[in-house]
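Enquirer: Pasting the sequence and the predicted model now:
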Amino acid sequence: DAGITQSPRHKVTETGTPVTLRCHQTENHRYMYWYRQDPGHGLRLIHYSYGVKDTDKGEVSDGYSVSRSKTEDFLLTLESATSSQTSVYFCAIGTSVHEQYFGPGTRLTVT
Amino acid sequence: AQSVTQPDIHITVSEGASLELRCNYSYGATPYLFWYVQSPGQGLQLLLKYFSGDTLVQGIKGFEAEFKRSQSSFNLRKPSVHWSDAAEYFCAVEGGGGADGLTFGKGTHLIIQP
């Protein structure tokens, strides 16, 4: 157990509404990541962070923003949710030896 | 850009039989390679990793993987599968930049027959 929690675990929202997903770690790791998982696509990187206030875009960052004001929290925001953002979202932390450990996931449905 | 291919979407194996899941990667230098397992409705669990050195690496749950540079492959093996091994398996590569995220294959769904 890498001490990673995600909230909420499930959410249903309407198209056009803002949504924020939270990832919290208790391990004080520098690196944190957001991925989405869709059938037939595996996991794809959305955004990542290499420290407080230091973030960068991943492969599928359009329509998403992130913030990291504290080491332990990494927030993913959908400014205006669309049906194409219906997915399972996973947060991960990265250790100093290049290992990544994943949270339990958030299932988001946009109707 | 790096990429990962898992050629088999589904694999069915009888309980007690041996298993090999295939993974091919594309990357300019020696990559960091990983295998993860995901049980239904769960997060991903790290099975094993290869960074350098011995090309045969041991992981948890009796799994091993062999890195073959000449074939750009990192296949996962287990000598005898158990019904509890039924899950989705993902191969992943990281470019070694430290902060880089992982690039995943699309996964192989393992079905265990009694």
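Expert: It's in.
Enquirer: do stretch A:20-28 and chain B meet at all?
Expert: No. Stretch A:20-28 lies apart from chain B when judged by C-beta under 8 Å from any C-beta of the partner chain; the minimum separation is 11.8 Å. (Each C-beta comes from the backbone N, C-alpha and C, glycine too.)
Enquirer: tell me which residues in that stretch are buried?
Expert: Across stretch A:20-28, burial judged by 16 or more other C-beta atoms under 10 Å in any protein chain shown covers A:21, A:23, A:24, A:25.
Enquirer: same question, stretch B:107-114
Expert: For stretch B:107-114, by 16+ other C-beta under 10 Å, it's B:107, B:108, B:110, B:112.
Enquirer: Give me the mean pLDDT for it.
Expert: Taken as a whole, stretch B:107-114 carries a mean pLDDT of 96.
Enquirer: Could you give the separation of it from the chain centroid?
Expert: 14 Å (C-alpha atoms, centre = their mean, to the nearest Å).
Enquirer: now could you export just the CA positions of that stretch as CSV?
Expert: Listed next in CSV are the C-alpha coordinates belonging to stretch B:107-114 (Å, rounded to 0.1, in the frame of the first residue of the first chain):
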residue,chain,number,x,y,z
GLY,B,107,-3.2,-4.7,-22.1
THR,B,108,-3.7,-8.5,-22.3
HIS,B,109,-6.8,-10.0,-20.6
LEU,B,110,-5.8,-13.4,-19.1
ILE,B,111,-8.5,-16.0,-18.7
ILE,B,112,-7.9,-19.1,-16.6
GLN,B,113,-9.8,-22.3,-17.5
PRO,B,114,-10.4,-24.9,-14.7
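Enquirer: number of nearby residues for residue A:95?
Expert: 13 (other C-beta atoms under 10 Å in any protein chain shown).
Enquirer: could you pull out the strands for the chain?
Expert: Unless you meant another one, I'm taking chain A. A:4-7, A:10-13, A:19-25, A:31-38, A:42-51, A:54-57, A:64-70, A:73-78, A:87-94, A:100-102, A:106-110 (DSSP state E).
Enquirer: my bad, chain B
Expert: B:3-5, B:10-14, B:19-21, B:24-26, B:32-38, B:44-50, B:56-58, B:64-68, B:73-78, B:87-94, B:103-104, B:108-113.
Enquirer: in chain B, which ranges drop under the pLDDT threshold?
Expert: B:95-99 (pLDDT under 70).
Enquirer: which residue of it sits farthest from its center?
Expert: Largest separation from the mean C-alpha position in chain B: residue B:114, at 23.2 Å (C-alpha atoms, centre = their mean).
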